[in-house]
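**Student:** Below: sequence and its predicted model.
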Amino acid sequence: MPRRTTTAENAPALGTPAPPRARLSPESRLVFIGLMLGMLVASISQTIVSPALPVIVAELGGMAHYSWLATAAMLAAAVVVPVIGKLSDLYGRRTFYLGGLVVFMLGGVLAGLAQDFWWLVGARAVQGLGMGALMTLSQTIIGDIIPPRQRGTYQGYMGAVFGLTSVAGPLAGGWITDTVGWRWLFFAALPIGVVALVFVARYLHLPHARRDARIDVAGILTLSAALIAILLATSWGGTTYPWASPQILGLFLAGAALLAIFVPIELRADEPVIPLRLFRSSVVTFSNLAALAVAMAMFGAVFYIPVYAQGVLGVDATSSGAIVIPMSVSMIGVGILVGLLITRWGHYKPFIVGGTVIMTAGFWLLTRMHHGSSELQLTLAMVVIGVGLGGAMQTFTLVVQNAVDRRDLGVATATLQFFRNAGATVGIAVLGTIMTSRLVTTIPAHLPAGAAAHLPDGGLDAGSVLDASTLATLPDAVATAVRQGLADALHSVFLASIPIALVAVVASLLVRSIPLRTTLEPHRPAPAEDR
């Protein structure tokens, strides 16, 4: 069952001075370096490809199915995360981590050699399988080798890698594409992956009490099908198909039905892929809810702030991608600082509550933006959001890991990662729908009389308002009206992010504070009533 109490001998009272810093052995330090390199190649693969997508589609074709280049990796990662977390609890981390790294690199090779569009989509799905394993097990192995009281420091460093790739990925992707071609986007990470493979294979030897149990095949298949249906509906809704179309409604209904079947399967399974008993812990439940909301708000900011910069402020595409750098830099710096402070003071709740409150304030600042606002105002709002994300985002991993028994460490970490993935997908889709639906009314509201005759055939859609060549063909008054309309539509997007962020605040307030253990918990067999 989830942790109910914490023994006095390994959990000092909150507010006590930091215990002596746990020094990692030389082998553990090398393992940590390998984990960071693995996280680097996995997380940068999510962002490095985006600048090259138009070039790739122009060469390989597939414009009508453009979104599949991102959707394939996302779906594969989402499906594998809970499965790999559970299997690593049963059979150990090392084999699955190394396997994930090999699969990821294999997907990279296949992607770099792609001869047509669907070959590349399949290769991205293979990469997604490896990426899901690496992102989850990197966090879990840190929980295996570092006690919770010291873990915040190292998870802060791991979060910095994620923040760094969100900035470096698009910049490196554009440079590599322009310099040596898009295929090298997939080959460039291979040397780093090989180094990570050598470090982890050579030095990662975790003690593990293998649990011989029947794998929950029915649960894995049912959950995977449900996730695919729901995530496809979320990704396609409002873009490929209308939200009320039979395709989207059918996918949502199929996903809901499969989840309804999944619950009784898990209640009967000897080793369920997601033990529902984890959610008896309010710490686990509210941390996952908060992580879901934080991811929805965060990815809404990451995707739509560049849209504001390019479409309203008029910066070029390269500069609009770089404009989120202040948010990422503040998130990295605060994330590292918060990790150090948690290790020193033993508190985590003030940081998750304070972080989500500050993030909410940042979105409020975004709602104050309008046509005519300056880049300085946008930068200030992004810095505030980055500070909030730095305080909260990585800390939820520590909170959940500290609240569960070690035998559930993998599946608990994987569940949190899944909620983050789901939040990102849902947030982008919902906020994107708000933007496109508002553009239908906001742009005409600002057009001067008779301006409709100057619009392109079929009017302006969400893509054409960001196309500088399209706007350059319009009279100045019409182009200004388009920018004003986009500013109004994005105001609605940022306004909708505030209640999402407030959900994170409320959930964080409801997370119970548990003293952080200062020692690693030994593996214990499952209590009879939990089997």
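**Tutor:** Sure thing, it's come through. All values reported here derive from a predicted model rather than from experimental measurement. Residues are numbered from 1 along each chain as shown.

**Student:** Could I get the contacting residues of Ala72?
**Tutor:** Residues near Ala72 by CB atoms under 8 Å, 6 or more residues apart in numbering: 121-122, 124-125, 128. Placement of C-beta: from N, CA and C, glycine included.

**Student:** so where's the stretch 201-350 of the chain shaky on pLDDT?
**Tutor:** 207-212, 316-322 (pLDDT under 70).

**Student:** where does the stretch 1-150 of the chain have low pLDDT?
**Tutor:** Residue ranges of the stretch 1-150 of the chain with pLDDT under 70: 1-24, 51, 54, 62-67.

**Student:** For stretch 484-504, buried residues please.
**Tutor:** For stretch 484-504, the neighbour count (16 or more other CB atoms under 10 Å) marks 484-494, 496-498, 500-504 as buried.

**Student:** ignore the last one, stretch 436-445
**Tutor:** By 16+ other CB under 10 Å, the buried positions in stretch 436-445 come out as 438-439, 442-443.

**Student:** Please report how far the residue nearest to Glu375 when sequence neighbours are not counted lies from Ser492.
**Tutor:** Spatially, and ignoring its direct neighbours in sequence, Glu375 is nearest to Leu313 (6.1 Å; CB to CB, 6 or more residues apart in numbering). Remark: distance between Leu313 and Ser492 (CB to CB, to the nearest Å) = 18 Å.

**Student:** try Pro242
**Tutor:** Pro242 sits 19 Å away from Ser492 when distances are taken as CB to CB.

**Student:** Equivalent analysis for Pro326, please.
**Tutor:** According to CB to CB, Pro326 stands 24 Å off from Ser492.

**Student:** swap in Pro82?
**Tutor:** In terms of CB to CB, Pro82 sits 34 Å off from Ser492.

**Student:** again with Ser138
**Tutor:** For Ser138, the distance to Ser492 equals 37 Å [CB to CB].

**Student:** Same check on Asp476?
**Tutor:** To Ser492, Asp476 is 25 Å away according to CB to CB.

**Student:** now Ser45
**Tutor:** Counting by CB to CB - Ser45 and Ser492 are separated by 32 Å.

**Student:** Then Leu221?
**Tutor:** Distance from Leu221 to Ser492, counting by CB to CB: 40 Å.

**Student:** Check which residues of the helix or strand harbouring Val121 are buried.
**Tutor:** Here Val121 sits within helix 117-145, counting by DSSP states H and E. Judged by neighbour count using 16+ other CB under 10 Å, the buried positions of helix 117-145 are 117, 120-145.

**Student:** Skipping adjacent residues, who's closest to Leu120 in space?
**Tutor:** Nearest to Leu120 is Ala114, by CB to CB, 6+ apart, at 3.9 Å.

**Student:** Look at the one you found and give its secondary structure.
**Tutor:** At Ala114 the chain is in coil, as set by DSSP: H, G, I helix; E, B strand; the rest coil.

**Student:** Now do the contacts for it.
**Tutor:** Ala114 sits next to 60, 120, 123, 183 when contact means CB under 8 Å, 6+ apart.

**Student:** export the residues you listed to CSV and tack on distance to Met158?
**Tutor:** As requested, the contacts of Ala114 are arranged in CSV below (distance: CB to CB, whole Å):
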residue, distance to Met158
Leu60, 34
Leu120, 29
Ala123, 26
Arg183, 29
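
**Student:** And the residues you listed, which is closest to Arg268?
**Tutor:** Nearest to Arg268 among the contacts of Ala114, counting by CB to CB, is Ala123 at 37.7 Å.

**Student:** mind checking how far the closest one is from Gly112?
**Tutor:** Computed as CB to CB, the Ala123 to Gly112 distance reads 8 Å.

**Student:** and if you look at Pro148?
**Tutor:** 40 Å.

**Student:** circling back: looking at the buried residues of stretch 484-504, which are in helices?
**Tutor:** 484-494, 496-498, 500-504 (DSSP state H).

**Student:** Need the phi and psi values for Tyr241.
**Tutor:** Main-chain torsions, Tyr241, degrees, to the nearest 10: phi -130, psi 150.
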